[in-house]
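J.: model this:
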Amino acid sequence: MVSSFERHPKVSERPARERRAKPDRPDRHFDAGLQHERTALAWERTAFSILVAGAGLGRFAADDGFYVEATIGGLMVALGAGILIWAGNHYDALHGPLRAGDSPVHPNAARLVGLAATGGSLIALLVAIKLILIN
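T.: Okay, the predicted model is just below:
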């Protein structure tokens, strides 16, 4: 029996046309610390966290009859999905200015993330307190 590892040739054994990077992705990294890659991964982790928290809130709130809170959970799921899609598009958009030698810095993005994280945490805290005090 041939394992899946043995079936697939090593990258160096593949023809050059198969090893080429996707046309929309850069062939090289623009910084040794991979800052943009780390930032994109942080956005994705944040999006998944919001998705999971919203799904949990929506499920347990709906089971107990708290439909307003369940709606908030659904909105959190939609927000997390939107952030996840935006993060992928934003990562791809960063490399155009980098190739041209421009700065891809967007100062309002940090403000938006801070406000969204603070607001989402406050809403989650208030919902949790309400659920604890009622039960």
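
J.: When you work out contacts or count neighbours from here on, use the C-alpha atoms and nothing else.
T.: OK.

J.: Please name the nearest non-neighbouring residue to the spatially most central residue of the chain.
T.: The structure's the chain has its C-alpha centroid closest to residue 44; by C-alpha atoms, centre = their mean the separation is 1.8 Å. Spatially, and ignoring its direct neighbours in sequence, residue 44 is nearest to residue 84 (5.6 Å; C-alpha to C-alpha, 6 or more residues apart in numbering).

J.: who are the neighbours in contact with the one you found?
T.: If you count contacts by C-alpha atoms under 8 Å, 6 or more residues apart in numbering, residue 84 has them with 43, 44, 47, 48.

J.: Need those residues in a markdown table (columns: pLDDT and secondary structure).
T.: Output for the contacts of residue 84, formatted as a markdown table (pLDDT from 0 to 100; DSSP: H, G, I helix; E, B strand; the rest coil):
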| residue | pLDDT | secondary structure |
| --- | --- | --- |
| 43 | 88 | helix |
| 44 | 91 | helix |
| 47 | 93 | helix |
| 48 | 93 | helix |
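
J.: Surely residue 70 touches residue 59?
T.: Yes - counting by C-alpha atoms under 8 Å, residue 70 does reach residue 59; the two are 6.7 Å apart.

J.: Those two - which one has more neighbours?
T.: Higher neighbour count among residue 70 and residue 59: residue 70, with 22 against 18, using other C-alpha atoms under 10 Å.

J.: Tell me which helix or strand the more buried one sits in.
T.: helix 67-100 (DSSP states H and E).

J.: distance between that helix and the chain's centre?
T.: 6 Å (C-alpha atoms, centre = their mean, to the nearest Å).

J.: now this structure, which segments are flagged as low pLDDT?
T.: Counting by pLDDT under 70, the chain has low-confidence residues at 1-33, 96, 99, 102-105, 107.

J.: What segments of the chain are strands?
T.: For the chain, applying DSSP state E gives no strands.

J.: now the helices for it?
T.: Assigned by DSSP state H, the chain shows helices spanning 4-7, 16-19, 35-63, 67-100, 107-134.

J.: related to what we said a few turns ago, buried residues of the helix holding residue 70, list them for me.
T.: 69-81, 83-84, 86-87, 91, 95-96 (16 or more other C-alpha atoms under 10 Å).

J.: Perfect, I'm done here.
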